[in-house]
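S.K.: let me see the structure of the following:
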Amino acid sequence: MLAILAGCAEGDPAAATTPSTTATTVAPTTTIDVPHPGQQTYESACAVCHDGGASGAPRVGEPDPEWTERDDRWPERIAQGVDVLYDHALNGLEGEDGIMPARGGRRDLDDASVKAAVDYMLENSK
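M.R.: Purely as a prediction, here's the structure:
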């Protein structure tokens with residue numbers, strides 16, 4: 001039997017022992033949008049003020065012609081640095097323009113969740 005199989009190679013000994021290769025087309029992978037880690041915290045604790053600018057909160061998102069204060073509020077806050085913004089979000093702040101309750105009024109939120117929400121707001125407000 002081996003003699004018969006060896007004869008099929010028609011004189012090319014390498015053909016009998018070399019594995020064949022076949023070109024394979026791979027379908028493109030599906031892209032999955034993964035939400036920002038701070039998005040859920042933002043939506044559940046921060047959006048109530050930051051979506052509408054309540055109590056002096058800088059609005060999150062792209063500038064809208066109807067917004068009059070948004071462009072004035074974010075640049076000055078961003079200029080303070082992210083550590084100051086984390087501190088204000090974690091510990092609260094009372095200022096001339098309004099108040100920021102500690103942890104957005106949600107004492108159950110851990111530090112990492114609050115910081116992720118701040119990062120989410122910054123990334124969506126530049």
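S.K.: right, and the secondary structure at T41 would be what?
M.R.: helix (DSSP: H, G, I helix; E, B strand; the rest coil).
S.K.: repeat that for L85.
M.R.: L85 - assigned by three-state DSSP - is helix.
S.K.: how many other residues sit next to it?
M.R.: 19 (other Cβ atoms under 10 Å). (C-beta placed from N, C-alpha, C; glycine too.)
S.K.: ok, P58 next?
M.R.: By other Cβ under 10 Å, neighbour count at P58 equals 22.
S.K.: so it makes contact with P75?
M.R.: No. Counting by Cβ atoms under 8 Å, P58 sits too far from P75 to count as a contact (9.2 Å).
S.K.: can you map out the helices along the chain?
M.R.: All helices of the chain, identified by DSSP state H, fall at 2-7, 13-17, 39-41, 47-50, 70-79, 82-91, 111-123.
S.K.: of these, which is nearest I99?
M.R.: I99 lies closest to helix 47-50 among these, at 9.3 Å (Cβ to Cβ).
S.K.: for that closest one, buried residues please.
M.R.: By 16 or more other Cβ atoms under 10 Å, the buried positions in helix 47-50 come out as 47, 49-50.
S.K.: do stretch 116-124 as well
M.R.: Here stretch 116-124 shows 116-122 as buried, counting by 16+ other Cβ under 10 Å.
S.K.: nearest to T41 among the residues you listed?
M.R.: A117 (4.1 Å).
S.K.: tell me the mean pLDDT for stretch 110-126?
M.R.: Summarised as a single mean, pLDDT over stretch 110-126 is 94.
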